[in-house]
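1. what follows is a predicted structure for the sequence shown.
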Amino acid sequence: MTETVERYVGQSVRRREDAALTTGRGTWTDGISVPGALHLALVRSPLAHARITGVDVTAAKQLPGVVDVLTGEDLAGDFAIGLPCGWPVTEDIKVPDHPPLARGEVNHVGDGVAVVIATDAATAADAAGLVDVEYDELPAVVDIEAALAEGAPLVHESLGTNHCYTWPMVVGDVDAAFAQADVVVEGRYLQQRVIPSAMEPRAVLVNPDPVGGGFTIYSSTQVPHFLRDIVAMVCGISDSKLRVVAPDVGGGFGSKLNVYAEEALALALARRLHKPVKWTETRSENHVATTHGRGQVQRMAVAATREGKILGMKVELLADMGAYLQLLTPGIAVFGAFTYCGLYDFGAYSFGCKGVFTNLTPTDAYRGAGRSEAAYAHERIMDDLARELGMDPAELRLRNLIEPFDEPRTVASGVMYDSGNYEGCMREAMRMVGYDEVRAEQRRRREAGDTVQIGIGIGNFTESGGLSPSKVAAGVRLQSGGWEAATVRMLVSGKVEVVTGTSPHGQGHETAWSQIAADALGVHPDDVEVLHSDTAVAPFGRDTYGSRSLPVGGVSVHMAAGKVVDKARAIAAHLLEAAEDDLTFEGGRFAVAGTGAGLSIQEVAMAAYLADNLPEGMEPLLSADNTFDPPNFTWPFGTHICVSEVDTETGAVRIQRFVAVDDCGHVVNPEIVAGQLHGGIAQGIGQALYEEATYDEAGNPTTATLADYQFPTATDLPHFELGSTVTPSPTNPMGVKGIGESGAIGSSPAVLNSVIDAVAHLGVTHIDMPASPEKVWRAIRGATR
């Protein structure tokens, strides 16, 4: 009788990361203590736009415990270059200088003016309050449409304009599609600024090595490899002298996919002072000094027949850059260009985006970057088109979905999706929510004149996950390869080490990668150690963001483990005096077919270590490296359906049910997938109903603390009903697609569409995010008047 071999991929193996995190044994950057460390505090501009006319540091320097107070001019020689932009999307893009500390002019509230170095954090903060900065206030521009108007104040006078770039794309004959349409619907949708609000604010500690002349940098970052490479350039230090460690990281959501001024300052000051230097962000600083997400005005039009068949689409965006270009700022809106067509089948598409400077905190990646914005717009306009045609919004979508496919196909935006069964996914979501029953309840409440109305909203989406192909990255001028590196090695004990270039901060890579390696090598996941987030251990990597970790990094682990098995097979065949083709490998054991002879992979690993009886020319040890650069993105997709109740007398919204059916290809760990979806959906609901970073006309933040910036708590969220379909990706040998951002992409349009649907019979056709009770109440009152 053949013994059943246990497989771990596909099982909800308990996350090994959680024990330490839930019992207070995590290692956070701020919790790392180095003897003799100095502490930094930044003096930040209280004005959105001003010339710096004087900085008096006398009082601050006199405070006991203060080591020094330095300005941008004092540190000008400590930096080889300013903070770089890594995604200059066009050849003629305008890129302003971005020194780690402002020199001569500040351009947003929170712009760093001076840095205090002291023996403890409290003294540094006190001294920062004693620095006297004189400003000559300048006019500020805070609205992206107003910023392009003639005579608008200039954020950077040296650029001569607030226009950063224009990025156009046209596929097919758009003019012809609109000319032959029976119906053209236009929409203007706002993507408000949101503050990522990671549980752990940013922090950095730089510890110099007095013997070797190098530096160890601990940072709460998503991208230790990016950080090493970029601060080396900024500070003019060889990357070989830098070791970057990302310890436990308490959330990132894209805001830590960056290299910030404080990291460069800490390194420069550690070099200057020959002492360890530490900085930890306060929550108030986080609201003005860490990048914001979103920030777009979206104008969209669709052309269709009376029967609801879409013929063409036009998209025009204004994207808020903020005051400077951080690492990926210009490319975020452009990244969405390829998914505004959604899951829908039509032949003509145009997209244009203008980047615009404002005197606000810079924007950059936020969960679902570019793709969330795209899904919101295309799902909003699908509902607008359905209302214009008098058609059920689900029926309209079903008529336009791309037919099922399991090999790459070109879509309206000109890119190739990998695989999809969109109708199957959507119908499963409709079945789970009881779509017809909800519509019946809606009719009942409307006929009864109920003050609490019910609405149903759909959020269909796909996203370019697995951010990876290096040639594609180069094609859109992203200055980074998209590959990922992995090493798998079997130790003399028979245990396994996996080294990955990904850098998890909540995604469960230690658990999932151990499952992948365990299945490939025939060992137990507990016998697999996963090493990551330390450039001295994993010198090569592209880190974690863009739903890329599993379809690029995890697949690279799978492929490296396959190489280990191939080498072990050759050694086993040699030891067993058999042909490689005659060996089977199952459950961690090589066996000669038709005989009882065999060796475990652990025995082979020992033989490779002893190296006294190996095939001619074979190197010792059982280890393999792999670098995977996929041929295409992966394209996870899904349908989210939200059922909301709206109190027509107060505008209050209550989410009654939320169903999410997602397809991320083959699943490694269902529990991790569910956790990623829960978090993403919560963030999407937050943007839809609660969150918005606001400013007054002078550029002063009016949501500068958590007392003013609202986001959902657990009591505001419904039970999430999750379902799935499985459409493997043909772009990688595991058939996986990624899931980290999906929850945040499908949820916002589903929620907003449900709110509008609940009160559409009252004449409401548009509400912008966040749909606060006041905003909903005013929309109802305006429509009824």
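-> Happy to help now that I have it.
2. report how many residues lie close to V411.
-> V411 is flanked by 23 other residues according to other CB atoms under 10 Å. No exception for glycine: its C-beta is placed from N, CA and C like everyone else's.
3. so what's the nearest residue to it once chain neighbours are set aside bridging to?
-> In space, and not counting its chain neighbours, V411 is closest to Y417: 5.4 Å by CB to CB, 6 or more residues apart in numbering. Note on Y417: beta-bridge partners by DSSP bridges are R409.
4. what is the end-to-end distance of stretch 405-416?
-> End-to-end span of stretch 405-416 (CA to CA, to the nearest Å): 12 Å.
5. centre of the chain to that stretch, how far?
-> 23 Å (CA atoms, centre = their mean, to the nearest Å).
6. any weak-confidence spans in the stretch 601-750 of the chain?
-> By pLDDT under 70, the stretch 601-750 of the chain has no low-scoring segment.
7. all strands of it, in order?
-> 622-628, 637-647, 653-663, 720-724 (DSSP state E, counting those that start in this stretch).
8. could the ones you listed go into CSV alongside distance to E580?
-> Formatted as CSV, those follow (distance: least, CB to CB, whole Å):
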stretch, distance to E580
strand 622-628, 16
strand 637-647, 41
strand 653-663, 38
strand 720-724, 38
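9. so can I have a markdown table of those strands showing mean neighbour count and distance to Y324?
-> Formatted as a markdown table, the strands of the stretch 601-750 of the chain follow (neighbours: other CB atoms under 10 Å; distance: least, CB to CB, whole Å):
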| stretch | mean neighbour count | distance to Y324 |
| --- | --- | --- |
| strand 622-628 | 20 | 33 |
| strand 637-647 | 27 | 34 |
| strand 653-663 | 23 | 35 |
| strand 720-724 | 17 | 37 |
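10. for W167, which of those strands is the nearest?
-> Taking CB to CB, strand 637-647 is the member of the strands of the stretch 601-750 of the chain nearest to W167, at 24.8 Å.
11. may I have the strands that pair with that closest one, each with its orientation?
-> The strands that strand 637-647 pairs with in its sheet are strand 452-462 (antiparallel), strand 653-663 (antiparallel) (by DSSP bridges).
12. can I get those in TSV including distance to V356?
-> Converted to TSV, the strands paired with strand 637-647 look like this (distance: least, CB to CB, whole Å):
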stretch	distance to V356
strand 452-462	26
strand 653-663	31
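13. so what secondary structure elements neighbour the biggest helix by length in the chain?
-> Counting by DSSP state H, the longest helix found in the chain is helix 555-576. With contacts taken as 3 or more CB pairs under 8 Å, 6 or more residues apart in numbering; DSSP states H and E, helix 555-576 sits against strand 484-490, strand 496-500, helix 509-521, strand 583-586, strand 589-592, strand 598-600, helix 601-610, strand 622-628.
14. re earlier: doesn't W635 make contact with the residue nearest to V411?
-> Yes: assessed by CB atoms under 8 Å, Y417 is found in contact with W635 at 4.5 Å.
15. shared neighbours of these two, which are they?
-> T462 (CB atoms under 8 Å, 6 or more residues apart in numbering).
16. ok, these two, which is more surrounded?
-> W635 (29 against 25).
17. residues contacting that one?
-> Going by CB under 8 Å, 6+ apart, the list of residues near W635 reads Y417, D418, S419, G420, T462, E463, S464, G465, S729, K737.
18. is it true that G679 touches S742?
-> No: using CB under 8 Å, G679 is not in contact with S742, being 10.7 Å away.
19. settle it for me: which of those two has more neighbours?
-> Neighbours were counted for G679 and for S742 using other CB under 10 Å; S742 has more, 34 against 17.
20. okay, the residue located most distally from the centre of the chain: pLDDT?
-> Distance from the C-alpha centroid of the chain peaks at T595, with 52.2 Å (CA atoms, centre = their mean). pLDDT, T595: 90.
21. do the same with M313
-> In this prediction M313 is given a pLDDT of 98.
22. mind giving me the packing neighbours of the helix or strand harbouring it?
-> M313 is part of strand 310-322 when elements are defined by DSSP states H and E. Under the contact criterion of 3+ CB pairs under 8 Å, 6+ apart, strand 310-322 touches helix 144-147, helix 174-179, strand 293-304, helix 331-335, strand 348-357, helix 371-389.
23. ok, for G735, nearest residue in space, not its chain neighbours?
-> P728 (3.1 Å).
24. next up, the contacts around that neighbour.
-> Going by CB under 8 Å, 6+ apart, P728 touches D406, S419, G665, H666, G735, V736.
25. try S372
-> Contacts of S372 (CB under 8 Å, 6+ apart): R294, G336, Y366, G684, E741, A744, I745, S748.
26. could you measure it against W635, distance?
-> Using CB to CB, to the nearest Å, S372 is found at 15 Å from W635.
27. distance of Y545 from L227?
-> Note on Y545: its distance to L227, by CB to CB, is 13 Å.
28. let me redo that: L83
-> The gap separating L83 from L227 is 12 Å, by CB to CB.
29. identify the contacts common to the two.
-> The contact lists of L83 and L227 share V259, where a contact means CB under 8 Å, 6+ apart.
30. with neighbour numbers in mind, choose between the two.
-> Per other CB under 10 Å, whichever of L83 and L227 has more neighbours is L227, with 28 against 24.
31. which residues sit against the helix or strand harbouring the more buried one?
-> Element membership for L227, per DSSP H and E: helix 224-235. With contacts defined as CB under 8 Å, 6+ apart, helix 224-235 is touched by 78-84, 86, 100, 217, 219, 221, 237-239, 241-246, 257, 259, 263-264, 267-268, 271, 327, 480, 501, 503, 533-535, 540-543.
32. would you mind checking those for buried ones?
-> Burial by neighbour count, judged by 16 or more other CB atoms under 10 Å, picks out 78-79, 82-84, 86, 100, 217, 219, 221, 237, 239, 242-246, 257, 259, 263-264, 267-268, 271, 327, 480, 501, 503, 533-535, 540-543 from those.
33. list the buried ones in the lowest-mean-pLDDT helix or strand in the chain?
-> The weakest-scoring helix or strand in the chain, judged by mean pLDDT, DSSP states H and E, is helix 470-475 (a mean of 92). For helix 470-475, the neighbour count (16+ other CB under 10 Å) marks V472, A473 as buried.
34. can you check stretch 758-778 too?
-> Within stretch 758-778, the residues scored as buried using 16+ other CB under 10 Å are A758, V759, A760, V764, I767, M769, P770, A771, S772, K775, V776, W777.
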